[in-house]
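# what follows is a predicted structure for the sequence shown.
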Amino acid sequence: EAGVVQSPRYKIIEKKQPVAFWCNPISGHNTLYWYRQNLGQGPELLIRYENEEAVDDSQLPKDRFSAERLKGVDSTLKIQPAELGDSAVYLCASRYGSGAQYFGPGTRLLVL
Amino acid sequence: AQKVTQAQTEISVVEKEDVTLDCVYETRDTTYYLFWYKQPPSGELVFLIRRNSFDEQNEISGRYSWNFQKSTSSFNFTITASQVVDSAVYFCALSRQTGANNLFFGTGTRLTVIP
């Protein structure tokens, strides 16, 4: 069974530029999460989807971050405009029912 | 509020030694899950175990074992006969069983196994 797929794996941009990350969850997993992991820290939740509905986006900086999960499968996380402090690893995870969360390899973002 | 504390920032051991990674958690929920994940240099978080708060039995999986003690709010992880491939950052995490079920992570423990 294929795991969670994320792209790109690495992204370097200049501040004020837009950037987008893509996630394809494990087939059949109805819950999808986006986490941000700063250097030396554990991941922190940005947003959680149940199917196509965002049910917890309280930690998403809505002035510059947006996310969507069309058709309840793939998801895209966007930052516009990016700031230096957005440099981090962005992790996508998925889950089926009440099972454990499985993570993708992450996208490492560097904002210059 | 949910909180996970991993007091050990970095640990180094010589290959074949046993090592225990500590995890202490705080929650007001009566039911919850506890997790351990491994993050190798490649960056992907690898799921190791999930424990239900109702189940305090210790668990062993090969060289890995976990000790869950509700009385001390601890969920420690022991690697027996460590190997170089065990070198990684290990995260302990907590989640609710219902409602908002996102993971609350500790800050991780970096384990280096020296050959």
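Cool, got the structure. From a predicted model like this one, the values you see are computed outputs, not experimental measurements. Numbering: from 1, shown residues only, chains lettered A, B, ... in the order given.

# what is the neighbour count of residue 70?
No chain in the question, so chain A it is. If you count neighbours by other Cβ atoms under 10 Å in any protein chain shown, residue A:70 ends up with 9. C-beta coordinates here come from the backbone N, C-alpha and C atoms, glycine included.

# actually it's chain B I care about, not the one you picked
10.

# quick one, what contacts it?
When contacts are counted by Cβ atoms under 8 Å, 6 or more residues apart in numbering or on different chains, residue B:70 touches B:53, B:56.

# where's the spatially most central residue of chain A, which helix or strand?
Computing the C-alpha centroid of chain A and ranking residues by Cα atoms, centre = their mean puts residue A:34 first, at 3.4 Å. Secondary structure from DSSP states H and E places residue A:34 in strand A:31-37.

# distance from the chain centre to that strand, please.
Chain-centre distance of strand A:31-37: 5 Å, with Cα atoms, centre = their mean, to the nearest Å.

# show me what it packs onto, helices and strands only.
With contacts taken as 3 or more Cβ pairs under 8 Å, 6 or more residues apart in numbering or on different chains; DSSP states H and E, strand A:31-37 sits against strand A:44-50, strand A:75-79, strand A:88-95.

# chain B: which of these is closest?
Of all the helices and strands packed on strand A:31-37, it is strand A:44-50 that lies closest to chain B, at 4.2 Å by Cβ to the nearest Cβ.

# low-confidence bits of chain A, can you list those?
For chain A, residues meeting the criterion pLDDT under 70 lie at A:1.

# count the residues that sit near whichever residue of it sits closest to chain B.
Going by Cβ to the nearest Cβ, chain B is nearest to residue A:42 of chain A, at 2.8 Å. The local packing of residue A:42 (other Cβ under 10 Å) involves 22 other residues.

# now do the SS call for it.
Under DSSP: H, G, I helix; E, B strand; the rest coil, residue A:42 falls in the coil class.

# ditto for residue B:77
Under three-state DSSP, residue B:77 falls in the strand class.

# isn't it right up against residue B:20?
Yes. Assessed by Cβ atoms under 8 Å, residue B:77 is found in contact with residue B:20 at 6.9 Å.

# which one of those two is surrounded by more residues?
Per other Cβ under 10 Å, whichever of residue B:77 and residue B:20 has more neighbours is residue B:77, with 22 against 13.

# what does chain A have sitting close to chain B?
A:31, A:33, A:35, A:40-45, A:48, A:56, A:89, A:91, A:93, A:95, A:98, A:100-106, A:108 (Cβ under 8 Å from any Cβ of the partner chain).

# so how many other residues sit close to the residue in chain B positioned nearest to chain A?
Nearest to chain A in chain B, going by Cβ to the nearest Cβ, is residue B:105, at a distance of 2.8 Å. Look at residue B:105: counted by other Cβ under 10 Å, it has 24 neighbours.

# which residue is the nearest non-sequential neighbour of it?
Spatial nearest neighbour of residue B:105, excluding adjacent residues (Cβ to Cβ, 6 or more residues apart in numbering or on different chains): residue A:42 at 2.8 Å.

# residues from chain B in reach of chain A?
Residues of chain B lying close to chain A by Cβ under 8 Å from any Cβ are B:4, B:35, B:37, B:42-47, B:50, B:91, B:93, B:97, B:100-103, B:105-108.
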